[in-house]
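Enquirer: Below is the sequence, then the predicted model.
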Amino acid sequence: MYTNKEIWNVTCPIFLGLLAQNVINVTDTAFLGHVGEVALGAAAMGGLLYICVYTVAFGFSVGSQILMARRNGEGNYRAVGPIMWQGTAFSLAMAVLLLAVMSFCAAPLIRMLITSDVIYEATYEFFTWRIWGVLFSFVNVMFRALYIGITQTRVLTLSAVVMAVVNVFLDYVLVFGEWGFPEMGVKGAALASVIAEASSVIFFFVYTYCKIDLKKYQLDRWGVLDLNLIFRILRISCFTMVQYFLALAIWFVFFMALERLGQRQLAIANIVRSVYIVLLIPVQSLATTANTLVSNLIGSGGTSKVVALLHKIARISFCIMIVCVLLCVMFPDAILSIYTNDGTLLDESVSALYVVCASMLIAAFANIYFNGISGTGNTQAALVLELFIQAFYALYIFIVGMWLQAPVDICFTTEVVYYILMLSASLLYLKKARWQNKKI
């Protein structure tokens with residue numbers, strides 16, 4: 001059983017890494033929020049479309065991470081490198097394929113999803129630059145999986161800081177045209193994010209070569225293409241790939257509903273979404289820790305201690321979220337003013353922020369237990385649960401957002417419904433299902 005100190009040793013670097021990585025989202029939203037509501041809406045829709053593509057790689061990396069963590073827990077360190085390099089090759093091949101597909105499909109897809117001509121044009125402009133980031137982000141997630149899997153997570157903080165610093169600087173000079181750089185607006189924000197992701201890839205390669213015992217993990221050789229190993233990774237990760245894609249796709253549908261309510265409502269939703277993503281960082285960090293520690297624990301023969309470990313991590317998650325929510329409730333204007341100086345926009349965003357805060361108190365538990373299921377290797381079960389939850393989520397969005405056309409704050413109650421269902425389904429699965437003897 002892991003102690004609180006051991007949990008923190010894994011979680012803190014992941015948290016700092018996610019915090020720095022989300023500076024990209026926050027800075028893009030903050031800078032474009034001062035450009036105008038159209039630019040803010042374009043970043044929301046274009047950014048979500050990009051993340052939907054990105055989640056394919058992220059889901060694949062989670063499956064790879066589970067396998068590497070299991071081999072690490074077993075002490076079979078030399079099996080880690082082949083999983084890493086074969087997975088990276090496959091992930092990069094997916095990036096090239098998706099880049100080609102989206103280059104042809106972006107315009108009709110965005111046109112189908114967005115009704116406003118002005119938001120369509122700005123979204124298309126943003127996305128056609130942003131999509132090039134897949135060439136780098138699809139490699140980044142594999143390095144992230146490697147270091148989380150072997151529980152050497154401090155490098156994630158360093159990598160994310162590099163990415164954040166590059167992104168903030170380039171956002172400033174490219175969005176507004178400072179220091180002799182061209183004024184590119186939404187294109188500048190997209191290009192800044194792509195270059196930031198490229199800088200992170202370079203950092204990972206240099207750090208791995210200089211600091212890691214390559215022979216221990218057999219990272220010193222690429223080896224020939226091993227289809228059997230790739231299929232073994234896919235047997236675990238195909239379910240997480242679909243799961244993460246659907247989770248973001250349904251979130252995109254949520255924003256489609258708000259886009260039909262008008263530019264102001266879409267701008268409010270994007271501001272609140274940006275705060276929401278920041279609030280999720282500590283929860284996601286602990287959920288990732290739960291995923292990898294569960295896999296390591298099972299690999300070392302500690303299956304009977306899994307549920308107790310999840311309870312411990314969930315309590316930590318809730319305590320942290322109580323503090324975060326109190327800060328948001330006490331200082332909503334100070335937090336929201338980061339994204340806009342429009343007083344009316346600020347006032348209209350506060351109630352939606354309160355709804356998100358309520359949902360986060362449930363998410364603090366739900367994400368831990370749900371990620372614990374994936375950590376056991378039962379990714380198919382996690383996908384089935386996700387599909388069940390999203391069926392209700394989609395119905396709720398349709399009724400509240402598209403049919404009733406409720407205000408933004410009412411629309412955000414979908415998150416409360418989502419996390420209640422996730423928590424209930426996860427606890428029921430862990431109590432009733434036979435997951436203890438899953439071999440991967």
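Expert: Structure's in. What do you need? Numbers count the residues shown, from 1 in each chain.
Enquirer: where along the stretch 201-350 of the chain do the helices fall?
Expert: Using DSSP state H, counting those that start in this stretch, the helices found in the stretch 201-350 of the chain span residues 227-259, 263-299, 306-330, 332-336, 343-375.
Enquirer: Quick one: residues in contact with the fourth one.
Expert: Helix 332-336 is contacted by residues 271, 275, 327-328, 346, 349-350, 353-354 when judged by C-beta atoms under 8 Å, 6 or more residues apart in numbering. Just so you know, the C-beta spots here come from the backbone N, C-alpha and C atoms, and that holds for glycine as well.
Enquirer: neighbour-wise, which of those leads?
Expert: I271 (28 neighbours; other C-beta atoms under 10 Å).
Enquirer: Quick check: that residue touching D347?
Expert: No - using C-beta atoms under 8 Å, I271 is not in contact with D347, being 11.8 Å away.
Enquirer: ok, S199 - contacts?
Expert: Residues near S199 by C-beta under 8 Å, 6+ apart: 162-163, 166.
Enquirer: Need the contacts of helix 332-336 in TSV (columns: distance to K305 and pLDDT).
Expert: Listed next are the contacts of helix 332-336 as TSV, based on distance: C-beta to C-beta, whole Å; pLDDT from 0 to 100:
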residue	distance to K305	pLDDT
I271	42	78
V275	36	82
L327	34	91
C328	35	87
L346	47	73
S349	43	79
V350	43	84
L353	38	87
Y354	38	90
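Enquirer: In terms of distance to L146, which of these ranks first?
Expert: Proximity of the contacts of helix 332-336 to L146 was ranked by C-beta to C-beta; the top entry is V275 with 30.9 Å.
Enquirer: you'd agree that closest one is up against V356?
Expert: Yes - counting by C-beta under 8 Å, V275 touches V356, with 6.9 Å between them.
Enquirer: Show me the shaky parts of the stretch 301-440 of the chain.
Expert: 302, 339-342, 377, 379, 401, 433-440 (pLDDT under 70).
Enquirer: what's the answer for the stretch 1-150 of the chain, then?
Expert: Using pLDDT under 70, the stretch 1-150 of the chain drops low at 1-2, 4, 6, 8-44.
Enquirer: again, only this time at 90
Expert: Flagging of the stretch 1-150 of the chain using pLDDT under 90 yields the residue ranges 1-89, 98, 100-131, 133-134, 137, 140-141, 144-150.
Enquirer: Would you map the helices across it?
Expert: Using DSSP H, counting those that start in this stretch, helices in the stretch 1-150 of the chain cover 4-21, 23-33, 37-74, 80-113, 117-130, 134-149.
Enquirer: Which one, of those helices, ends up nearest to A406?
Expert: Using C-beta to C-beta, the helices of the stretch 1-150 of the chain put helix 37-74 closest to A406, at 18.6 Å.
Enquirer: What residues does I110 make contact with?
Expert: Contacts of I110 by C-beta under 8 Å, 6+ apart are 45-46, 49, 120, 123-124, 127.
Enquirer: hmm, 6 Å instead?
Expert: Listed by C-beta atoms under 6 Å, 6 or more residues apart in numbering, the contact partners of I110 are 123-124.
Enquirer: With P82 instead?
Expert: P82 neighbours (C-beta under 6 Å, 6+ apart): L229.
Enquirer: doesn't W222 make contact with W85?
Expert: Yes - W85 is within contact range of W222, at 5.2 Å (criterion: C-beta atoms under 6 Å).
Enquirer: Neighbour count for those two, which is higher?
Expert: W85 (19 against 12).
Enquirer: Report the contact partners of that one.
Expert: Here W85 is in contact with W222 (criterion: C-beta under 6 Å, 6+ apart).
Enquirer: swap in the one 3 residues further on?
Expert: In this structure, T88 makes contact with M142, judged by C-beta under 6 Å, 6+ apart.
Enquirer: That one and V201: what is the separation?
Expert: 10 Å (C-beta to C-beta, to the nearest Å).
Enquirer: now swap in S103 and tell me
Expert: 21 Å.
Enquirer: So those two - more neighbours on which side?
Expert: V201 (19 against 12).
Enquirer: doesn't P282 make contact with I320?
Expert: Yes - counting by C-beta under 6 Å, I320 touches P282, with 4.7 Å between them.
Enquirer: In terms of neighbours, single out the busier of the two.
Expert: Higher neighbour count among I320 and P282: P282, with 23 against 18, using other C-beta under 10 Å.
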